[in-house]
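# Could you look at this predicted model? Sequence included:
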Amino acid sequence: MNADVRYTEEEYEGQTYDLRILWRLARYLRPYGRYLVVSLVLLIIITGVELVLPYLIKVAIDDYILFSSRRVTISSTDPFARTFRDQNRGLLTATQDANTFFINEKDIDRLNPALLHMIKQKGLMAEERYYPAPLTNSAVQVLLERKSEDISRSEETAFIPYKQLQDLPNAQLVQIRERDLRGVLWIGIIFIIVLVIEFITSYGQVYYLQYIGQWVMHDLRMELCDHLQSLSVQFFERNPVGKLVTRATNDIQNLEEMFTSIFVQFLKDFMVLLGIMVVMLILNWKLALLLFLLLPVVAVMTVSFGIRVRDAFRDVRKLIAQINAFIQENFSGITVVKIFNRIQENSRRFEKLNEENYLANIRQNVIFSVFRPLVEIVLAVGTALLIWQGGGQVISQTLSLGVLVAFLSYIQKMFEPVRYLSERYGIMQSAMASSERIFSLLDEDDRIPEPKAPKLLPSAHGNISFDNVVFSYNSGDPVLKGVSFDIHEGETVAVVGPTGAGKSTLIKLLVRFYDVQQGRILFDGVDIRLLDKQFIRSQIGLVQQDSFLFADTVAYNIRLGNSAITQTELEYVARLVNADRFISRLEDKFNHIITEDGATLSTGERQLLCFARALAANPRVLVLDEATSNIDPETERLIQEALINLTRQRTAFIVAHRLSTIKRADRILVLHKGIIREQGTHDDLMAKEGIYYKLYQLQYQ
Amino acid sequence: MKAFRTILPYVQKKIWFLAAGLLALIIVDVLQLLIPQVLKRVVDDLTRGSATLKSLIYCGLIIIGINLIIGVFRFGWRYLILGNAYEIERRLRSQLFNHLQILPLSFFNRVSTGEIMAHATNDLNAVRMSLGMALVALVDGVILSLMSIGFMAHISLRLTVYALLPAPVLIVLANVFAKLVHDRFLRIQEAFSRLTEKARENFAGIRVIKSYVQEDDRSSQLRNLSSHLVHRNMNLVVAFGLFYPIVFGIINLCVAIVLVLGGRQAILLDITPGDFVAYISYLAMLAWPLVALGWVMNLIQRGAASMERINVLLREAPEPSSPSPSAPLSRINGRIEFRNLSFAYDGGPAVLNSISLLIHPGETIGIVGRVGSGKSTLLNLLFRLYEPNPAQLFIDDHDILAIPQDLLRRDIAYVPQDTFLFSDTVNENIRFGAPEASPGQVTMVARASHLFDEVLEFPKGFETIVGEKGIVLSGGQKQRIAIARALLRDASVFVLDNALSSVDAYAEERIIANLKPLMKERTTIIVTHRISSIKDADRIFVFDQGCIREQGTHADLMNQNGLYVDMFKRQQIEKELNVNNTQDSVPYER
């Protein structure tokens, strides 16, 4: 049961392994280097594109919306002003009035700041803005004809005070500011082009990253499953199937979420942050550096938040695991709970746990609730600094208004990743826990050793010897305490004995699900530990008690992966084990799909299918762990007939429960408490009146 | 939405909390919308040249001030609304737990623990999410979008109309995508469950796979399904990968419109540069609610569906309790009478057929029979885990249906067949039915169950946690804990249901000997298939196919040459086969 495992799982303990886990995960990216490069390039483009908007707004404001000039009065008698004029001839535009010059707003920050300061102090530069309009513009000409007194003129340009523009009729203003209107239109067009680029690149980037993520998870999943498959049977007896399935599916899914949303987002955030810092430095390095002072503050906050939230998070996860374990246990044992009148007491305990969980949740909530506003406040401080220092620079005209506006939106963007940090933290933690669990399975190395240079047998005969075999599970009391016997080629040997005598263990050792602890098992005279595991297994057809069937067709269940087995052979083996009759009754015959746990087939039919499977593999040795379940006499007869065909011309080793099977064996071994106590034919053993005789009385009378 | 009626009482109790939280949320939204106004003032002052360093600092401080207030209220709503959601989750979880506990056993036969777990985790989670973050996002989204549209319209109505032209496309598109994605998502789920099933099969069938050397073939089958899942996922990516680019594309299209038309208005001096800047800020605020709306609706729908699933559980009828106002007796003496009792589980064949059996107080009764002979059903009825028919089962001359369950379960102690222990300490497990018992009493019952010395050898003695790694109790040890647990209850009726099956013959003898004095004082019913446990019982009943076939003392029955004798002989042989077996149970084999 899946649920049993999931809720009681030990929790991830955090941090020390984080980097190692991430590093280990990163290795899985290696085969996708090319795609990774493509998606990184796309990411760089996207980053660039994302930073464009504030810049375009800056251009719109500085170059078009507030396109203006300032008037500078320079009397030729003032030596200081003269020097200023001579030094900046390129920037200053002369007008009809010899003392009046205009300078483009944009060019002001190219002036020597000290000089500019002096000029302003002397009141030589007007605060008022003038709109520089070309004289060729017909609307300007109309304007000049009507009221020309406030408008200065150079050879090409009329400098119209903004105040006058305000009073103009709309149509005239549109004509005068034709240049600016065209300008913002172009900005709009450029922005739309950028949007198209962004659309294509971000779609491409999502696609590639998902592509990488999906295949990385596929690789990891396959590595995990293949690895698990290579582990010993003992491993599977220790670990419930549900838990392993959870690892291979849900835990990998968690990782995928981390990869596609967190990892990618981090990368993007990092790039954007870097991009913003560069753009800010280019636009105005002093202001940029001032704002960067906030970054360490945010970093410290983030780290201290990280530590706090990790503890809170752990508490929450621990408690919810406890709650789930409690519920799980309470309802698995509900009968006991009811009979022992524990309902109220358990309610009380549950209430307590529930309360603790609630409090832990509230603690976590408080931490989250404090962090986010704190980040916003730091951002507000940044904004205030920007307004104060940047605005100051705008006043002193060392910074354009557009740049200030751009900075205001860049600083917002800079804080974006930190805002969502808390939301991402949860996903990150559960993904880390999942990866830790996955990797710990990958590190599991419980295998039956394979010989370095396996001995090769030219052909297999099927002679088996157990030579003083001693074995115990988990170093407990030995199940087999020195078992020795020989089975000769072609012989059918049945093992009988009371439950727990160690019969099934003999089989597990023979197919090397486990290795003996003392003594040895020989196959055709060679210690099976020196043979290739797969060789041994392919010489042995194993039919187990539980008649395990795969949720696949009848045909697959017989031939398994061996496609060399033809349909004719399939039908032949099915006939030999008496499975043909019920198969022919199935709707799709051999293509009938067996549902989970073979619900449509009876126990006997399932067993016959397993017989067919063993026969199709055509092994030298048949090993059968007979099912104990009761079967109707008709099926019983079919099974017995099938057994005759199965054991013909091959060695057979049967853990037997059915009297007819036992009687048919060439030899019977009586295993009792880990020792072979008697052996012989049925009649021999009955005559002895020993253990076999008692077993016979117990079970068959 | 009706589904949420269940939690109405919880919401009502905290209605002021919730109202305060929502108010705080709205205050945060309003204050947030003020910030662009401050920026507008800064920009306009700077444009006009009327700004001074002082006024700038003033504006900066206002922004810090607003954010400080926002911080307080943001903390407030998070604390109140999300805290409230946690609180409701807690109450609902308790309600669910308490309700489930009083459901009849037939419910637990129908619904697996796994299913219960799914309700108790995923569904509660979904309900909490819909009451917490989804509620916040919904309110936040509606307020923020309406108000920012208001502010935008205030700056320029015409611009707002143009700027929001592409917005309806967004809503339509979101719906189209939802459908498109839904189909592909279902196909992913299908691929995922096929993969899961294959993985499960590969692990469950590992013995067959290994013994038929099918590792490579199975691995390649799994690989196919895993790649199939990847392709299905990519199929979704192809469609869903478009979603966010399109959404942001459309939002940015609005921005482009504002750049051109808003820029035009600013150039033509219809709006100030500050308005232009503030306008773009409002537009950015509008974007998020539009994007999140689909997500929010999804969360709320899922929450409602989960709530409904929980409601179904809460509607399950509890175990019938007795009309307790006039409880006929305050203590059970131990006279038990089955009067011609017949019983069948829900529409099944009769399991018990006209059983008539009178047990006197203080008597020790043995019941033997094969598996399925109806012994355990008899006990289920005695504890009213299932309801017998009226007037067929009497305790101290009262119909059991009139006796409160509490009383029944208080005065009848039980050692069940499957020894379910809780992953708690040995001590806690023994005290399970009598939490107030003293350590001395625990020691006493542990000795009586032949358990004491063994437990002392555990690493932490009685404080050792059962089932913890390393300490796996043997079947016999578990059974003896279960016996101790029942003994501690000091009840007037003592029932052992196959309670010594995993205990070896030696321990069984000792336990029976230890129990003898205790059994003298109370009615004892020993159900077993082992004759050795009941040899000394006052009377023995042999059950077969729901009927009593033989009865009498051990000696009587041995003279009858019937089922009992047959069983006895078999067990003699079994015993002989197991001579020297001093172990509690066989090391488990799977």
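Perfect, I can see it now.
# For the rest of this, base every contact and every neighbour count on C-alpha atoms.
OK.
# So the helix or strand containing residue A:604, near chain B or not?
Assigned by DSSP states H and E, residue A:604 belongs to helix A:603-616. No: against chain B, helix A:603-616 shows no contacts by C-alpha under 8 Å from any C-alpha of the partner chain, the least distance being 8.5 Å.
# before we move on, what about stretch A:433-445?
No: if you take C-alpha under 8 Å from any C-alpha as the test, stretch A:433-445 misses chain B, and the best it gets is 13.7 Å.
# From the contact counts, what lies against the helix or strand harbouring residue B:221?
Residue B:221 belongs to helix B:215-257 when assigned by DSSP H and E. Under the contact criterion of 3 or more C-alpha pairs under 8 Å, 6 or more residues apart in numbering or on different chains; DSSP states H and E, helix B:215-257 touches helix A:178-230, helix B:157-163, helix B:167-204, helix B:273-315.
# of those, which approaches residue B:388 most closely?
helix B:273-315 (23.7 Å; C-alpha to C-alpha).
# Around chain A, pick out the residues from the stretch 251-400 of chain B.
Of all the residues in the stretch 251-400 of chain B, those lying near chain A are B:252-253, B:256-257, B:259-260, B:263-264, B:266-269, B:273, B:277, B:383, B:385, going by C-alpha under 8 Å from any C-alpha.
# wait, the stretch 51-200 of chain B
B:51-53, B:56-57, B:59-61, B:63-64, B:67-68, B:70-72, B:74-75, B:78-79, B:82-83, B:86-87, B:90, B:93-94, B:97-98, B:101-102, B:105, B:108, B:113-114, B:117, B:120-121, B:196, B:199-200.
# How about whichever residue of chain B sits closest to chain A, nearest residue that isn't a chain neighbour?
As assessed by C-alpha to the nearest C-alpha, chain A sits closest to residue B:60 within chain B, at 3.8 Å. Leaving aside its sequence neighbours, residue B:60 sits nearest to residue A:384 (C-alpha to C-alpha, 6 or more residues apart in numbering or on different chains; 3.8 Å).
# The one you found contacts residue B:64, doesn't it?
Yes: the criterion here is C-alpha atoms under 8 Å, and residue A:384 meets it with residue B:64 at 6.8 Å.
# quick one: least confident helix or strand in chain A?
When each helix and strand of chain A is scored by mean pLDDT, DSSP states H and E, helix A:2-6 comes last, with a mean of 36.
# Point to the residue nearest the middle of chain A.
residue A:255 (1.6 Å; C-alpha atoms, centre = their mean).
# centre of the chain versus the helix holding residue A:604, how much separation?
40 Å (C-alpha atoms, centre = their mean, to the nearest Å).
# Can you name the residues in contact with the following helix or strand past that helix?
Moving toward the C-terminus from helix A:603-616, the next helix or strand (DSSP H and E) is strand A:621-625. Residues from elsewhere that reach strand A:621-625, judged by C-alpha atoms under 8 Å, 6 or more residues apart in numbering or on different chains: A:462, A:504, A:507, A:539-545, A:614, A:646-647, A:650-656.
# show me where the stretch 351-500 of chain B has helices.
Using DSSP state H, counting those that start in this stretch, the helices of the stretch 351-500 of chain B run over residues B:375-382, B:405-411, B:426-430, B:439-448, B:452-456, B:475-487.
# and what of the stretch 601-701 of chain A?
Using DSSP H, counting those that start in this stretch, the helices of the stretch 601-701 of chain A run over A:603-616, A:633-647, A:659-664, A:682-688, A:691-700.
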